[in-house]
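Chemist: The following block contains a protein sequence and its predicted model.
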Amino acid sequence: MTKYYFVYLMTNRDNSVLYTGFTNNIIRRVHEHKEGLADGFTKKYNVKKLVYFESFDDVDMAITREKQIKAGSRAKKERLINSVNKEWKDLWDEIRG
């Protein structure tokens, strides 16, 4: 059975804050952000909208990609999101199935 790892970007309602995360269970993790169960940055800044994600079957590749995205500028993150989600719509319904 293949295990998947995810790197994702989330934002708040007005898209003024960006958060980059890593998880092995994107549905659980995004749910935690949406419900305010994850203390810290995302709870403080009301980050609840999933706008981008990538999946990997290799944990090291996923961690490397997360670091690469985190090290990038906001403009680079915006271009990444815009490349697949120009409207910055919440992708939550897409991942829940």
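Modeler: Thanks, I have the structure now.

Chemist: Go ahead and report the secondary structure state at the spatially closest residue to Leu91 that is not a sequence neighbour.
Modeler: Spatial nearest neighbour of Leu91, excluding adjacent residues (C-beta to C-beta, 6 or more residues apart in numbering): Leu50 at 4.6 Å. To be clear about C-beta, it is placed using only N, CA and C from the backbone, and glycine gets the same treatment. Put simply, Leu50 is strand when judged by DSSP: H, G, I helix; E, B strand; the rest coil.

Chemist: Show me where the protein has its strands.
Modeler: Remark: strands assigned in the chain by DSSP state E are 5-11, 18-23, 49-56.

Chemist: For stretch 15-23, what is the distance to the chain centroid?
Modeler: Computed by C-alpha atoms, centre = their mean, to the nearest Å, the chain-centroid distance of stretch 15-23 equals 5 Å.

Chemist: so how many other residues sit close to Thr23?
Modeler: 18 (other C-beta atoms under 10 Å).

Chemist: my bad, Asn25
Modeler: Neighbours of Asn25 (other C-beta under 10 Å): 13.
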